[in-house]
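Asker: Take a look and give me a structure for this.
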Amino acid sequence: MKTVENYGWNESWKTKWDNQSNSEKLQASIAGRILLEHKHMYRVVTDEGEWLASLSGSFKHAAQDRRDFPAVGDWVAVEKMPGEEKGIIRSILPRTSLFSRKVAGLTTAEQIVAVNVDIVFLIMSLNLDFNVRRLERYIIAAWDSGANPVIVLTKKDLCDDPRFYVTQANDVAFGVPIHVVSSVTGEGVSELQELLKDGKTAALLGSSGVGKSSLTNALCGEDVMVVQNIREDDDKGRHTTSHRELFRMPGGGLLIDTPGMREFQMWDNNESLNTGFKDVEQFVNSCRFTDCQHTNQPGCAVQEALENGSLTRERYASYEKLKRELAYVERKADAAAQKAERGKWKQITKDMRKRSAKKR
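Answerer: Numbering: from 1, shown residues only. Purely as a prediction, here's the structure:
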């Protein structure tokens, strides 16, 4: 029988539940965790079974942006509809972690990738699709999420020299553990399973074709995901996973598989940029002048490091590019937030005028 304890419910979550379940509108609700999201409908596991659930009207009315809506991994207060295996979601419990990115394309909006995860498995394959610049982005976003990043290099059975890729990953990891695995031979899989004992939750994040679905199957001990081969001409992967879903592993751990991300644009990760680029920040903070532009200023430690090889030009260029990207996202997000706030108060004013007109 499925229970919430099987899906990560513990004393910490119970305390959060007790702190918010005193309200009258939640008296009929029970705790549930979202396993799957599909077109504003949610598959929720509870102590009374799995239900297909939708949002209450008041919930939808109060939600302002994407973070206000449920995501896979969320714990929610859900009320069962009389006589049906369906529920109504009344509220979300405060999250412990949130991994997000900017949506693909020109739109400035946030996309929630995973919530309430303890570990983020950053997946790269040991082939031509390995990209250290993309890995830098993953690491920064993972630190910012509140979860612990773990680098997983897949497809060891197809690689003659894994050390070549491990060295590149290690150069940007700065204390982040690196695991080399093969979903085919099973090498390294048990070490990842050990990380998820005691009901911990992990999310698998990476591009299409890096082996996330194969790794999910290996970790779960059964084929829960469809697997496709990579293209032979360029080692690029085909999209397999088209949605986010939470799975329970035999050892009690929980796993969220996510769609492949060929494009990964940052979202409000300024604070974690320093964590992900400790080496660059060390040189930046060693410059003679605090307002050094790192070009031709005297006593510039960054330029000195670039000249003597202590800092590679590729690494520094990536740092500068991410700084500009994050600054741009922050400006656009602030403008969008201001516009939304103006729209909200316009609507409130309009509603108040309508109510006043009715009273007359």
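Asker: Quick check: can you list the domain ranges of this protein?
Answerer: According to automatic domain parsing, the chain is divided into the following domains: 4-92, 98-257, 270-338.
Asker: Comparing these, which stretch has the densest surroundings?
Answerer: Of all the domains of the chain, domain 98-257 carries the top mean neighbour count, a mean of 19, counting by mean count of other C-beta atoms under 10 Å. Every C-beta, even on glycine, is put in place using the N, C-alpha and C of the backbone.
Asker: distance between that domain and the chain's centre?
Answerer: With C-alpha atoms, centre = their mean, to the nearest Å as the basis, domain 98-257 stands 11 Å off its chain's centre.
Asker: model confidence over that domain, on average?
Answerer: For domain 98-257, mean pLDDT is 82.
Asker: Would you mind measuring the gap between the ends of that domain?
Answerer: Between the opening and closing residues of domain 98-257 lies a distance of 15 Å (C-alpha to C-alpha, to the nearest Å).
Asker: could you point out which element follows the strand or helix carrying S12?
Answerer: Mapping S12 onto the secondary structure by DSSP states H and E places it in helix 11-20. Stepping forward along the backbone from helix 11-20, the first helix or strand reached (DSSP H and E) is strand 30-38.
Asker: Setting aside sequence neighbours, what's the nearest residue to A142?
Answerer: Counting by C-beta to C-beta, 6 or more residues apart in numbering, P149 is the residue found nearest to A142 once chain neighbours are left out, at 3.6 Å.
Asker: packing partners for the helix holding S12?
Answerer: strand 75-80 (3 or more C-beta pairs under 8 Å, 6 or more residues apart in numbering; DSSP states H and E).
Asker: outside of the strand it packs on, which residues touch it?
Answerer: Residues external to strand 75-80 that are found in contact with it (C-beta atoms under 8 Å, 6 or more residues apart in numbering): 9, 13, 16-17, 20-21, 26, 28-34, 42, 44, 46, 48, 51, 53, 70, 86-93, 116.
Asker: Give the partner strands of the helix or strand following that strand in its sheet and their orientations.
Answerer: Next along the chain after strand 75-80, taking DSSP H and E as the criterion, comes strand 86-92. Applying DSSP bridges, strand 86-92 is found paired with strand 49-55 (parallel), strand 75-80 (antiparallel).
Asker: shouldn't M124 be in contact with K155?
Answerer: No - between M124 and K155 no contact is recorded; they are 9.5 Å apart, counting by C-beta atoms under 8 Å.
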